[in-house]
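Colleague: Generate coordinates for the sequence data below:
(2 chains)
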Amino acid sequence: MSQKVRVRFAPSPTGPLHIGGVRTALYNYLFARKTGGTFILRIEDTDQTRFVPGAEQYILDSLAWLGISPDEGVGSDGPHAPYRQSERKALYKQYADQLLKEGKAYYAFDSSEELDEMRALFESKGSAFQYNALTRVKLRNSLAMSPAEVDALLASDTPYVIRLKVPAKGEIRFQDSVRDWVHVHTSSMDDKVLMKSDGMPTYHLANVVDDHIMEITHVIRGEEWLPSAPLHILLYQSFGWQAPQFAHLPLLLKPEGNGKLSKRDADLGGFPVFPMEWVDPQTGTVSKGFKQEGYLPAATLNFLAFLGWNPGTEQELFSLAELVDAFSLERINKAGAKFDVNKAKWFNQQYLKQADIAELAQANLPSLPLKDAEAFVHLFLDRVTFPQEIGQLVHEFSNRPSVFDEAVMANKWNLEAKNGLEVIAAQLPACTSWEAEGIKQTIQVALEESGIKMGKVMQILRVALSGNGAGPDLMISMQLWGKEEVIERLHAALSVFPKLES
RNA sequence: GGUCCGUUCGUCUAGGGGUUAGGACACGUCCCUUUCACGGAUGAAACACGGGUUCGAUUCCCGUACGGACUACCA
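Modeller: A predicted model of the protein is given here:
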């Protein structure tokens, strides 16, 4: 029975897609590609109160940016359209009715207020209220009331929900791809709402119905769903359907302390938890995105893939294609993974160094002639984590220094250094081939003739020209500044330095 | 509180009844570079605890501790 693999990523459009959700999408994508299956995007928008405009497009854009776009679903259509649950509303009712007819579900008329009261009552007695086999007989539902009463309520348009009648006794078990056997007694489960009073299905119903109709073979989702997996299994059983294979992914944890990674951690830590920048349509609050921070898609994917999975080899850098090749559900970890921004940066650096020089040049130094821009990229690429830092460095590089590294001045500025700089300043105009090697020659010869050691002067020369005690190769820097600029900067320094002595 | 899940260096993790417990990030030192960065080398750094099972347990089992998720007419 080798069914064709069909997996889905099923986010709710309630805000920006969380990075943990992106990892879930990635694992689904990898598994689909690995097995020659189909990756489906379904939008679970059954909660009308939490709908956020733009969120769905944000999900699409994010997946597209990362290159893990779905084969089927919202944004790309397919044989099971529509893929937006709000547009499938009518469908769910008939399945709920089926369970109703078979006595596996029932009407419940309890209002939210009544249920809140029950919860408060139970809590005051030190226990937790559950709508289950024990309590449902005393509540307002079609199991506890006479048929005539129920009909009357229904006829008078009294709001109701449909609840699943969970058996009082029994055990639900399933074999999770990540956690192996999981079993739960039905006595600890409650009669979950299947249809809400607004006529919309809850997540549980819609999810199970759609996964079945869309022929989903593997449900790969976050661990937060593990507690409701037995309920879903029970639903499959109630319908007489075969349940898909489940794989519950470990959570992404906050970098410090404990708990699920949240937006707050991002603000605190100064790193993004969203794939792309998000502007809250209500408040206008801007949340950082991996994309805008300068993370490359491949680096983001590689980093995310390793949070909860590893190939079992010592290779760490994987292209998307290599990830597909190496991926397997069996190698997913059980324990939650802390989000470590240092590791993310390291991955980015690795990918940045492999990036196309011309592309980086055009993207980050658009105002410069391509040849110059490329030279700058070469000069700075090894010292940056994010591409936009290149532009920043070039900007600083191009500006004449106004402050000079004090520590270096204190240590190295002396008569010999001064003489060295003067000699260099005197000889540089005579340098005929203004490129790194030629400049070096000129300086070497000039200093040798004056009997001055290079080591005594070079760092001071660097400070004189750039202001900094450290930086990229000085000769190449001088070449890029240009002869006149270098000479002018040198003279400027020579006139300022003596005044800096105190 | 209840249910479920988890626990190897600070972090991501490999491993698995007998290993010097491996790699990567971060950190230290050294080399390269008269600088810095990159790169290379190297160091420090871990099997939560207690019982079993076993000739032998970090690995298997059971407890305990700790952590987490869930506990809505949210997903």
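
Colleague: Just the CA coordinates for stretch A:423-442, please, in CSV.
Modeller: Backbone C-alpha positions of stretch A:423-442 (Å, rounded to 0.1, in the frame of the first residue of the first chain) are rendered in CSV as follows:
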residue,chain,number,x,y,z
VAL,A,423,58.7,60.1,4.2
ILE,A,424,55.7,58.2,2.8
ALA,A,425,53.8,61.5,2.1
ALA,A,426,56.8,62.7,0.3
GLN,A,427,57.3,59.6,-1.9
LEU,A,428,53.7,58.7,-2.6
PRO,A,429,53.2,61.4,-5.3
ALA,A,430,56.0,59.7,-7.2
CYS,A,431,54.3,56.3,-7.2
THR,A,432,53.6,55.6,-10.8
SER,A,433,51.5,52.4,-10.6
TRP,A,434,48.7,53.1,-8.2
GLU,A,435,47.6,49.6,-7.2
ALA,A,436,48.3,47.6,-4.1
GLU,A,437,51.6,46.1,-5.1
GLY,A,438,53.0,49.3,-6.5
ILE,A,439,52.0,51.3,-3.4
LYS,A,440,53.6,48.7,-1.2
GLN,A,441,56.8,49.0,-3.2
THR,A,442,56.9,52.7,-2.9
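
Colleague: Look up how far RNA strand B lies from residue A:147.
Modeller: Separation of residue A:147 from RNA strand B (CB to the nearest atom of the strand, to the nearest Å): 21 Å. Yep, even glycine has a C-beta here, placed from its N, CA and C like the rest.

Colleague: What is the neighbour count of that residue?
Modeller: The tally of other residues near residue A:147 (other CB atoms under 10 Å) stands at 8.

Colleague: same question, residue A:146
Modeller: By other CB under 10 Å, the residues close to residue A:146 number 9.

Colleague: swap in residue A:219?
Modeller: Using other CB under 10 Å, residue A:219 has 23 neighbouring residues.

Colleague: Over to residue A:475?
Modeller: When neighbours are defined as other CB under 10 Å, residue A:475 has 16 of them.

Colleague: And for residue A:406?
Modeller: With other CB under 10 Å as criterion, residue A:406 counts 11.

Colleague: and it, what pLDDT?
Modeller: We have a pLDDT of 89 for residue A:406.

Colleague: for RNA strand B, what are the nearby residues on the stretch 1-150 of chain A?
Modeller: Applying CB under 7 Å from any atom of the strand, one finds that the stretch 1-150 of chain A approaches RNA strand B through A:10-12, A:14, A:44, A:46-47, A:50, A:110-112, A:115, A:119, A:126-131.

Colleague: switch the cut-off to 6 Å
Modeller: Residues of the stretch 1-150 of chain A lying close to RNA strand B (CB under 6 Å from any atom of the strand) are A:12, A:44, A:46-47, A:50, A:111-112, A:115, A:128.

Colleague: State the pair within those residues that is farthest apart.
Modeller: Across these, the longest distance by CB to CB is 27.0 Å; it joins A:44 and A:128.

Colleague: domain parsing for chain A?
Modeller: A:6-76+A:205-252, A:263-353, A:355-398, A:406-500 (automatic domain parsing).

Colleague: Comparing those, which comes out most buried?
Modeller: Among these, domain A:6-76+A:205-252 has the highest mean neighbour count (mean count of other CB atoms under 10 Å), at a mean of 20.

Colleague: measure residue A:227 to RNA strand B for me?
Modeller: 4 Å.

Colleague: The stretch 101-250 of chain A: strands as residue ranges?
Modeller: Under the criterion DSSP state E, counting those that start in this stretch, the stretch 101-250 of chain A carries strands at the ranges A:105-108, A:161-164, A:171-176, A:180-185, A:193-195, A:218-222, A:245-249.

Colleague: Please see if the worst-scoring helix or strand of chain A on mean pLDDT touches RNA strand B.
Modeller: Taking mean pLDDT, DSSP states H and E as the measure, the helix or strand of chain A with the lowest value is helix A:263-269, at a mean of 80. No: using CB under 6 Å from any atom of the strand, helix A:263-269 stays clear of RNA strand B, coming no nearer than 11.3 Å.

Colleague: which residues touch the helix or strand following that helix?
Modeller: Where DSSP states H and E defines the elements, the next helix or strand beyond helix A:263-269 is strand A:278-279. Residues from elsewhere that reach strand A:278-279 (CB atoms under 8 Å, 6 or more residues apart in numbering): A:15-16, A:58, A:285-287, A:289.
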